[in-house]
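Peer 1: Pasted the sequence and its predicted model underneath.
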Amino acid sequence: MVLLLLAAFPAFGAKYYVDLAVKIMILAIFAMSLELLVGQTGLVSFGHAAFFGIAAYVAALLSPKTEAASLWLVLPAAIAASAAYAAAVGSLSLRTRGVSFIMITLAFAQMAYYVFHDTPLGGGSDGIYLYFRPDASIAGWQPFDLDSGRTFYYAVLVCLAASFGGLSLLLRSRFGHALAGIRVNEQRMRAAGFPTYAYKLAAFVIAASLAGLAGFLHALKDGYVNPEILSWHQSGAVLLMVILGGLGHLRGAILGAFAFTMLQELFQWQAVFGKFAKHWQLMLGLTIIVFVAAAPRGLIGIADRMRRKH
Amino acid sequence: MDLATFLIQCLNAVQYGLLLFLVASGLTLIFGIMGVINLAHGSFYMIGAYMAYGLAPWVGSGLGGGFFATLAAGIVLSVLLGYLLEWLFFSYLYEREHLQQVLMTYGLILVFEELRSILVGDDVHGVQPPSWLAGSIPLSEVMSYPVYRLFISAVCIGVAVGMWFVITRTRLGMRVRAGASNREMVRAMGIDIRLLYRIVFAAGVALAALAGMIAAPVSSVYPGMGGQVLIICFVVVVIGGIGSIRGALVAALLVGVVDTFGKVLFPAAAGLLVYLLMAAVLLWKPEGLFKAS
């Protein structure tokens, strides 16, 4: 039903809200990719923004300034770049667990941040522009045109639906059950003969690829990338979305992306908060603290509790 | 690189490393003893630096002024802040999962950063070192070394020796070590673990704030300074081994050397070298150089 609503939305929604919906859908893909790690496998990664940002930067760097690049070249390249970095980071950080894992993923994400922030490659803190959205033509035939706002909306929607469907299938598969087993008791899984390190690394790379897809779409949406999309504030925000919605559920991640964006819009709303809207992060910070303290199981947890009472 | 330049870079590396040690030791101590991963630790560094900037006029009118009066006032205030924060906030985090600790302390960072923006604004400010430390020592005809940086190193060494003495030679230190190795047992022995936690936390906050205060004249005071220090300190703690103070010292000096000489020898990749160092150490010893007992 949500899917139908989203599909019909551009027909009656104002442009501002349609743009907002695109932003939420992209963040939902991003949040779902982290949910695979945090909620399903029990790996708390605090550097997930790196994979989002690397794909976005690759998309912008591969697009020439004067014409559109081929979608079928840029998209795989962007996702492969994120996956490759994830394979390197994952193979190191997965040798540790718990707090070390959190700190190491954060540190490596910051390393990626510095690559784009400090070297001439990334254009410094100003970022770089992506002038033309990639062209979807195959040998002269153009199945769809991403330049059209409506088409881009549906492309993002299809990506969201495919990510949700793909992850749902993955979690129902033997692989998904193995990940759940690792979350609950890794020792036992290893004793049962599962190469848990390889399973975790595979989950890490899959999650990074999906985050890369979200980052790619983000770069296309804004036509602009800057180092802030790799910053640890972005990693914190996406972790917050996963928690906000409810750990352990894919739909929780989507709900979380929606709730987070709405909170952000609310706190930046000048009519309500006046001059204080400039300091919206203060409200966000307080909300995080109160929410995590009061409802560690997220919005889905609250809904479950209410349902049980009735 | 001639001898004078090399000497200057060595001194810079040691000074930077020792400063990192002050912040990282608090981080590793708080994690080792209370099991809390505290992302807001960088904020305490930031608060310290802003105190060095903001308190000076107040101290000037109230206590007759002076850099050391400001420093003393800042330390007292940061101990109070740490004590209050532990009581009102962090004591509720001990039993929670790492994920929740990460998010709640992340929320705290946002609160501190915005309060800083509301109270002081977003401008970059300079802080003057005291006049008798403002000079420099000539090393060759053209090069000289600022006295204030030597002063920073001296303060850090003094604090490190003090920490070593407290931890290995006093009753309080004994309890801290006991708390780090077996929390339940310490509680069972009738030691007031809550008070112990509060003291350790306040000390950690004061160390980070002190680092911020003495660094302010060199680094100036700017928004986002806490986050930068926090992440480098994570690298230090990971390299040194989580919970190990000795490891933090060795790793901080190592990071100081790599970062300082990296900036001179490979300016293009300077920001990355520290992380490559971390990757290399992790390949070699996934649990860090010194595993905490």
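Peer 2: That came in fine, so what should we check first? Numbers count the residues shown, from 1 in each chain, chains lettered A, B, ... in the order given.
Peer 1: For the stretch 51-200 of chain B, which residues are neighbours of chain A?
Peer 2: B:89, B:92, B:96-100, B:102-104, B:106-111, B:113-115, B:117-118 (CB under 8 Å from any CB of the partner chain). Backbone N, C-alpha and C define where each C-beta goes, glycine included.
Peer 1: Out of the residues you listed, which end up buried?
Peer 2: B:96, B:98-100, B:102-104, B:106-111, B:113-114 (16 or more other CB atoms under 10 Å in any protein chain shown).
Peer 1: Close to chain B: what parts of the stretch 101-250 of chain A are there?
Peer 2: So the stretch 101-250 of chain A meets chain B at A:102-104, A:106-108, A:110-111, A:114-115, A:117-119, A:232, A:236, A:239-240, A:243, A:247 (CB under 8 Å from any CB).
Peer 1: Next step: the residues you listed restricted to helices.
Peer 2: A:102-104, A:106-108, A:110-111, A:114-115, A:117-118, A:232, A:236, A:239-240, A:243 (DSSP state H).
Peer 1: pLDDT weak spots in the chain?
Peer 2: Just going to use chain A. Within chain A, the stretches with pLDDT under 70 are A:1, A:271-275, A:310.
Peer 1: try again with chain B
Peer 2: Checking chain B against pLDDT under 70 turns up B:1, B:60-65, B:292-293.
Peer 1: so where do the helices sit in it?
Peer 2: B:3-34, B:41-62, B:67-88, B:98-120, B:147-169, B:171-181, B:183-188, B:193-219, B:225-240, B:245-265, B:270-284.
Peer 1: What's the local residue count around residue 246?
Peer 2: Defaulting to chain A. Burial of A:G246 is recorded as 24 neighbouring residues (other CB atoms under 10 Å in any protein chain shown).
Peer 1: Chain B was what I was after
Peer 2: When neighbours are counted by other CB under 10 Å, B:R246 comes out with 15.
Peer 1: what packs against the helix or strand A:V158 falls within?
Peer 2: Using DSSP states H and E, A:V158 falls within helix A:149-172. On a contact count with 3 or more CB pairs under 8 Å, 6 or more residues apart in numbering or on different chains; DSSP states H and E, helix A:149-172 meets helix A:2-12, helix A:15-35, helix A:174-184, helix A:196-222, helix A:250-267.
Peer 1: Please compute how far that helix lies from its chain's middle.
Peer 2: 13 Å (CA atoms, centre = their mean, to the nearest Å).
Peer 1: which residues make contact with it from outside it?
Peer 2: Residues outside helix A:149-172 that contact it (CB atoms under 8 Å, 6 or more residues apart in numbering or on different chains): A:3, A:6-7, A:10, A:15, A:18, A:21-22, A:25-26, A:28-29, A:32-33, A:36, A:40, A:133, A:144-146, A:176, A:179-180, A:206, A:210, A:213, A:217, A:220-221, A:250-251, A:254.
Peer 1: now what about stretch A:205-214, what contacts it?
Peer 2: A:26-27, A:29-30, A:32-34, A:36-37, A:45, A:48, A:51-52, A:54-55, A:75, A:78-79, A:81-83, A:85-87, A:90, A:159, A:163, A:167, A:170.
Peer 1: Which positions in it come out as buried?
Peer 2: Buried positions in stretch A:205-214, judged by neighbour count with 16+ other CB under 10 Å: A:V205, A:I206, A:A207, A:A208, A:S209, A:L210, A:A211, A:G212, A:L213, A:A214.
Peer 1: then it to PDB, C-alphas only?
Peer 2: Output of stretch A:205-214 as PDB, limited to C-alpha atoms (Å, rounded to 0.1, in the frame of the first residue of the first chain):
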ATOM      1  CA  VAL A 205      30.400  -5.600   1.200                       C
ATOM      2  CA  ILE A 206      26.700  -6.100   0.200                       C
ATOM      3  CA  ALA A 207      25.700  -3.300   2.700                       C
ATOM      4  CA  ALA A 208      28.400  -1.000   1.300                       C
ATOM      5  CA  SER A 209      27.300  -1.600  -2.300                       C
ATOM      6  CA  LEU A 210      23.700  -0.800  -1.400                       C
ATOM      7  CA  ALA A 211      24.900   2.400   0.400                       C
ATOM      8  CA  GLY A 212      26.800   3.100  -2.800                       C
ATOM      9  CA  LEU A 213      23.600   2.900  -4.800                       C
ATOM     10  CA  ALA A 214      22.000   5.400  -2.400                       C
END
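Peer 1: circling back: which one of the helices of chain B lies nearest to A:L266?
Peer 2: Of all the helices of chain B, helix B:98-120 sits nearest to A:L266, with 15.4 Å by CB to CB.
Peer 1: and the angle from that closest one to helix B:41-62?
Peer 2: Put simply, helix B:98-120 runs at 30 degrees to helix B:41-62, going by axes from the mean of the first three to the mean of the last three CA atoms, to 10 degrees.
Peer 1: could you say what helices and strands helix B:98-120 packs with?
Peer 2: Packing partners of helix B:98-120 (3+ CB pairs under 8 Å, 6+ apart): helix A:99-118, helix A:232-245, helix A:280-294, helix B:41-62, helix B:225-240.
Peer 1: would TSV of those with distance to A:K309 be doable?
Peer 2: Output for the helices and strands packed on helix B:98-120, formatted as TSV (distance: least, CB to CB, whole Å):
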stretch	distance to A:K309
helix A:99-118	35
helix A:232-245	21
helix A:280-294	17
helix B:41-62	39
helix B:225-240	41
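Peer 1: Output the ones you listed as TSV; include the columns distance to B:L7 and mean neighbour count.
Peer 2: Formatted as TSV, these follow (distance: least, CB to CB, whole Å; neighbours: other CB atoms under 10 Å in any protein chain shown):
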stretch	distance to B:L7	mean neighbour count
helix A:99-118	27	24
helix A:232-245	36	25
helix A:280-294	44	19
helix B:41-62	28	22
helix B:225-240	24	26
